[in-house]
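Engineer: When you get a sec, could you give me coordinates for this:
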Amino acid sequence: MSQYEPILDCLDQLAAPPGCALAARAGGLRSQLGKASTLPALQMSLRVFRPLEMLNRALQSSVQTVSGMMRAVDEVKTELAALRSDEEFEAV
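Structural biologist: Predicted coordinates for the structure are as follows:
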């Protein structure tokens, strides 16, 4: 999300030379990312994927124990369940 604007700028530059296959793809992606509904959808997905990414790192750790992995899974389940509340929906 912190790189959203630079990505859009880069896609604009890639879409500039007409006739190139890359330009058509960059223009299509730029069009999709430029839609008003895309940014809120990305922000909502981050609220789900961020804890899952942390869980992924914890599960792949070479020093993690099975009991530590189970605790990490329980914490992520609790965090994801909390996201299903009306208050969290309004916050997004």
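Engineer: Going by C-alpha atoms from here, please, whenever you check contacts or count neighbours.
Structural biologist: Fine.
Engineer: Touching the helix or strand of the chain with the lowest mean pLDDT from outside, list them.
Structural biologist: The weakest-scoring helix or strand in the chain, judged by mean pLDDT, DSSP states H and E, is helix 86-91 (a mean of 82). Helix 86-91 is contacted from outside by 82, 83, using C-alpha atoms under 8 Å, 6 or more residues apart in numbering.
Engineer: That one: how far from the chain's middle?
Structural biologist: 19 Å (C-alpha atoms, centre = their mean, to the nearest Å).
Engineer: Now the element after the strand or helix carrying residue 41, going C-ward?
Structural biologist: Using DSSP states H and E, residue 41 maps to helix 38-60. Going down the chain from helix 38-60, the next helix or strand is helix 66-82, by DSSP H and E.
Engineer: That next one - contacts with which helices or strands?
Structural biologist: helix 38-60 (3 or more C-alpha pairs under 8 Å, 6 or more residues apart in numbering; DSSP states H and E).
Engineer: what separates the helix it packs on from the chain centre, distance-wise?
Structural biologist: With C-alpha atoms, centre = their mean, you get 6 Å for helix 38-60.
Engineer: Would you mind writing the CA trace of it as PDB?
Structural biologist: Extracted as PDB, the C-alpha positions of helix 38-60 are listed here (Å, rounded to 0.1, in the frame of the first residue of the first chain):
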ATOM      1  CA  THR A  38      -9.700  -1.100  -5.900                       C
ATOM      2  CA  LEU A  39      -8.000   0.800  -3.100                       C
ATOM      3  CA  PRO A  40     -10.600   0.000  -0.400                       C
ATOM      4  CA  ALA A  41     -10.600  -3.700  -1.500                       C
ATOM      5  CA  LEU A  42      -6.800  -3.800  -1.200                       C
ATOM      6  CA  GLN A  43      -7.000  -2.200   2.300                       C
ATOM      7  CA  MET A  44      -9.600  -4.700   3.400                       C
ATOM      8  CA  SER A  45      -7.600  -7.600   2.100                       C
ATOM      9  CA  LEU A  46      -4.500  -6.400   4.000                       C
ATOM     10  CA  ARG A  47      -6.400  -6.700   7.200                       C
ATOM     11  CA  VAL A  48      -6.800 -10.400   6.500                       C
ATOM     12  CA  PHE A  49      -3.500 -11.200   4.800                       C
ATOM     13  CA  ARG A  50      -1.200  -9.400   7.300                       C
ATOM     14  CA  PRO A  51      -1.900 -11.800  10.200                       C
ATOM     15  CA  LEU A  52      -1.800 -14.700   7.800                       C
ATOM     16  CA  GLU A  53       1.600 -13.600   6.600                       C
ATOM     17  CA  MET A  54       2.900 -13.400  10.200                       C
ATOM     18  CA  LEU A  55       1.500 -16.900  10.800                       C
ATOM     19  CA  ASN A  56       3.300 -18.100   7.700                       C
ATOM     20  CA  ARG A  57       6.600 -16.700   8.900                       C
ATOM     21  CA  ALA A  58       6.100 -18.300  12.400                       C
ATOM     22  CA  LEU A  59       5.300 -21.700  10.900                       C
ATOM     23  CA  GLN A  60       8.400 -21.600   8.700                       C
END
